[in-house]
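>>> I would like to see how this sequence folds:
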Amino acid sequence: MARIALKVDVDTWRGTREGVPALVRTMAKAGAGGTFLFSLGPDHTGRAIFRALRPGFLKKVSRTSVVEHYGVKTLMYGVALPGPDIGKREAGTLRSVRDAGFEVGVHCWDHVRWQDQLLKHDAAWAEREMRRATQRFAEVFGTPPRLHGAAGWQFNDAAAQAEMKLGIAYASDTRGGRPFLPVDAAGKVIGPPQYPTTLPTLDELIGIGDIAVGNVAEHLLEMTAATDQDQVYTLHAELEGQKLQPVFERLIAGWQAQGHALVSMGDLHAATNVAALPRRRIVQGTVEGRSGLLAVQEPA
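Residues are numbered from 1 along each chain as shown. A predicted model of the protein is given here:
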């Protein structure tokens, strides 16, 4: 059948120290490959409260029980409490993921700062933020990162160009369909190949119509039941690594029963003929179940 790349976004300190080890155990037990993308600087999750004015944000929060999944203390970091430096505090946890055989890469330096500020700043800002994250990654792992996956799918041409400058070989910063090479308005390639997230995330599905925690796995499995197209599924250490771990276990078992190979982003990249990829613009668009604008693949 198809390959399904499991991309784990790790947004918070709590997700790093609690959700990541749980996911490593779950995926290793099932023989599933996967990629962990780390937030490497301060956890300022509490500052996300300023998104309250964003269209659809409060509705999404009410559907997905943010307090339950993230915890009250996490929601105070950067507002009432200082934000813990994830890369410094959890360097050993991060290395343990690599040592367990999983691919590791960069998510961001400061998750909230990148997600809320990227589109308001210039190319130099994007490069500075990304450089801080890649430098910390190299300090933790002893080698530079090859993979980047943007926080909140906030991404643009400037960020793609920064990836090329910083030696990122492949990336998953966007939403859309098949892999592509990002280009500017003149058709010039401006960044490494993109492997978009193709499947909806749990927090985009739960609470929509009759979809609930108890049946969300079955809903996703219906989407992959009869396809030979490679997919990218983004999960979160704060969700599938904690309260929603049973849902993820059902997904793994279901995908394997369907005959799909559960792989890392690197495996997907290694199986791709990059020279033959279509060239597409990165544009800002919407995704059902998620608030605000995010980077999407321009339609053909």
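>>> what's the longest helix in the protein?
Longest helix of the chain, by residue count under DSSP state H: helix 123-141.
>>> so what secondary structure elements neighbour that one?
Judged by 3 or more CB pairs under 8 Å, 6 or more residues apart in numbering; DSSP states H and E, the packing partners of helix 123-141 are helix 86-89, helix 91-99, strand 103-108, helix 111-117, helix 157-165. All C-beta atoms are positioned from the backbone trio N, CA, C, and that covers glycine.
>>> and stretch 136-148, end to end?
With CA to CA, to the nearest Å as the measure, stretch 136-148 spans 13 Å from end to end.
>>> buried ones in it?
Neighbour-count burial for stretch 136-148, counted by 16 or more other CB atoms under 10 Å, picks out 136-137, 140-141, 145-148.
>>> do stretch 95-108 as well
Across stretch 95-108, burial judged by 16+ other CB under 10 Å covers 97, 102-108.
>>> now swap in stretch 260-275 and tell me
Quick answer for stretch 260-275 (16+ other CB under 10 Å): 260-269, 272.
>>> with secondary structure added, can I get these in a markdown table?
As requested, the buried residues of stretch 260-275 are exported to a markdown table (DSSP: H, G, I helix; E, B strand; the rest coil):
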| residue | secondary structure |
| --- | --- |
| 260 | coil |
| 261 | strand |
| 262 | strand |
| 263 | strand |
| 264 | coil |
| 265 | helix |
| 266 | helix |
| 267 | helix |
| 268 | helix |
| 269 | helix |
| 272 | coil |
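>>> quick check: mean pLDDT across stretch 272-285?
For stretch 272-285, the mean pLDDT works out to 97.
>>> CA atoms only: put stretch 111-119 into PDB for me.
Provided in PDB are the C-alpha atoms of stretch 111-119 (Å, rounded to 0.1, in the frame of the first residue of the first chain):
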ATOM      1  CA  HIS A 111       7.000  28.000  19.300                       C
ATOM      2  CA  VAL A 112       4.600  30.900  20.100                       C
ATOM      3  CA  ARG A 113       7.000  33.600  18.800                       C
ATOM      4  CA  TRP A 114       7.400  31.800  15.400                       C
ATOM      5  CA  GLN A 115       3.800  31.000  15.100                       C
ATOM      6  CA  ASP A 116       2.500  34.400  15.900                       C
ATOM      7  CA  GLN A 117       5.300  36.700  14.500                       C
ATOM      8  CA  LEU A 118       6.800  35.100  11.300                       C
ATOM      9  CA  LEU A 119       4.400  36.800   8.900                       C
END
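>>> so how far is it off the chain centroid?
14 Å (CA atoms, centre = their mean, to the nearest Å).
>>> follow-up on the earlier one: just the buried residues of stretch 95-108 now: which is nearest residue 216?
Ranked by distance to residue 216 (CB to CB), the buried residues of stretch 95-108 are led by residue 107 at 23.3 Å.
>>> pLDDT value on residue 227, please?
Residue-level pLDDT assigned to residue 227 equals 87.
>>> which phi and psi does it have?
With angles defined as degrees, to the nearest 10, residue 227 sits at phi -140, psi 140.
>>> got it, and residue 40?
In terms of degrees, to the nearest 10, the main-chain angles of residue 40 are phi -110, psi -10.
>>> surely it is in contact with residue 133?
Yes: counting by CB atoms under 8 Å, residue 40 does reach residue 133; the two are 5.0 Å apart.
>>> dump the helices and strands packed on helix 123-141 to a markdown table, plus mean pLDDT and distance to residue 285.
Converted to a markdown table, those look like this (pLDDT from 0 to 100; distance: least, CB to CB, whole Å):
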| stretch | mean pLDDT | distance to residue 285 |
| --- | --- | --- |
| helix 86-89 | 96 | 30 |
| helix 91-99 | 98 | 32 |
| strand 103-108 | 98 | 21 |
| helix 111-117 | 93 | 16 |
| helix 157-165 | 98 | 15 |
